[in-house]
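Enquirer: With the input below, show me the fold.
(one chain, ligands or ions: 2)
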Amino acid sequence: MSEKKESEANEYGAAPRSDLSLRGVQVFQGWLDGDEQSALVAALREVIRAAPLFSPMTPYGRPMRVRMTSAGRYGWYSDRKGYRYERSHPSGVAWPPIPPQVLRIWAGVTGLARMPDCCLVNFYDAKARMGMHQDRDETDYSYPVVSVSLGDDALFRVGNTTRGGKTESLWLKSGDVLVMGGEARLIYHGIDRVRPGSSTLLPNGGRINLTLRVVD
Ligand SMILES: O=C(O)CCC(=O)C(=O)O
Ligand SMILES: [Mn+2]
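Expert: Numbering: from 1, shown residues only. Ligands and ions are numbered 1, 2, ... in the order given. Sure, this is the predicted structure:
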C-alpha cells in the first residue's frame, strides 16, 4: 500500500474519500499498483484452483457469459431456482478463504471492522458482458459493495436505483476499486464490454472482477 492510502484509511475508522464519484459510486482509480495487482492475481489463482470457475445458469435458463467462482463463507450462485448465496462450490467443496490481500482492500476503502462474507470472482473473456442489475441478494444494505478490476479495461455503466432512465459510463482499468454504498448501494450497474488486449496483467488476456459483499 502507498503512504497516501495508509494516511487516508483509518484502521477501523472513517473511510477515505475517493477523488471521483459517479452517481454516488465512489471510484478509487489506481488503488492497486502493478505489484499489488500481480500479487492479487497469484492469490486468485489459488482460489480458482480450489474452486474452479463455472458458468451459472440464469433463472431464465441461459448460461451466464461471465465465468465465476467465490471465496469466503458464502459464494454467489444462480440457477433456475434464482439468485442466492451457497455454502459450497457446485462440486461440493467449501469455498476457499478470502485472500488477505482482498480483505486489505475492503478495510482500506470502507474503514469497516466487519469483513465481507463473500468475494465473488468474475472472469470476463473478450466477449463477456454483464447486464444492468442491482446487487440485492444480501440481508443488510447498510454495508457497501466493493468491486475490484484486474486485467483488461471494462466499460462500466451506472443507472439509477430503479430500473431504466438515463445512464452514465466509465472505463474501469486494472487496479481500480469501486465502492457502492449509501444512496448508491442499490444502484443499477453493468459491464457493457471489455477492451481486449488493453492490459498485460493476465497472460492470456481477459478481465477479473472481484465483488466483495457482507451477506448476512
Ligand atoms: O464486473 C464488474 O465490474 C461488475 C460485477 C458485478 O456487478 C457483479 O458481479 O454483481
Ligand atoms: Mn453487481
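
Enquirer: In a helix, R104, correct?
Expert: Yes. Counting by DSSP: H, G, I helix; E, B strand; the rest coil, R104 is located in a helix.

Enquirer: So it versus ligand 1, what's the distance?
Expert: 19 Å (C-beta to the nearest ligand atom, to the nearest Å). Bear in mind the C-beta positions are built from the backbone N, C-alpha and C, glycine included.

Enquirer: R195 now?
Expert: 13 Å.

Enquirer: how about that residue, what does it touch?
Expert: For R195, the contact set (C-beta atoms under 8 Å, 6 or more residues apart in numbering) comprises D152, D153, A154, L155, W171.

Enquirer: Recalculate using a threshold of 6 Å.
Expert: Shown in contact with R195 (C-beta atoms under 6 Å, 6 or more residues apart in numbering): D152, D153.

Enquirer: next SSE after the helix or strand bottoming out on mean pLDDT in the chain?
Expert: The weakest-scoring helix or strand in the chain, judged by mean pLDDT, DSSP states H and E, is helix 3-8 (a mean of 39). Downstream of helix 3-8, the first helix or strand assigned by DSSP states H and E is strand 20-22.

Enquirer: check whether that following strand contacts ligand 1.
Expert: No. On the criterion C-beta under 6 Å from any ligand atom, strand 20-22 is out of touch with ligand 1, staying 12.6 Å away.

Enquirer: Not counting the helix or strand following that strand itself, show me its contacts.
Expert: Going down the chain from strand 20-22, the next helix or strand is strand 25-28, by DSSP H and E. Residues from elsewhere that reach strand 25-28 (C-beta under 6 Å, 6+ apart): S18, L20, V109, V158, V177, L178, V179, M180, A184.

Enquirer: Paired strands for strand 25-28, with orientation please.
Expert: strand 20-22 (antiparallel), strand 177-180 (antiparallel) (DSSP bridges).

Enquirer: Most tightly packed of the ones you listed?
Expert: strand 177-180 (a mean of 25; mean count of other C-beta atoms under 10 Å).

Enquirer: near ligand 1, which residues of the chain?
Expert: L120, N122, M130, D135, S147, A154, F156, H189, I191, N209, T211.

Enquirer: Can you show me the strands along the protein?
Expert: 20-22, 25-28, 67-72, 75-79, 82-86, 118-124, 130-133, 145-151, 153-158, 168-172, 177-180, 189-195, 207-213 (DSSP state E).

Enquirer: so can I have TSV of those strands showing mean pLDDT?
Expert: Output for those, formatted as TSV (pLDDT from 0 to 100):
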stretch	mean pLDDT
strand 20-22	97
strand 25-28	98
strand 67-72	98
strand 75-79	97
strand 82-86	97
strand 118-124	98
strand 130-133	97
strand 145-151	98
strand 153-158	98
strand 168-172	98
strand 177-180	98
strand 189-195	98
strand 207-213	98
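
Enquirer: The ones you listed: which one's closest to L53?
Expert: Taking C-beta to C-beta, strand 67-72 is the member of the strands of the chain nearest to L53, at 4.1 Å.

Enquirer: Give me the residues contacting that closest one.
Expert: 47, 51, 53, 55, 76, 95-96, 98, 117-123.
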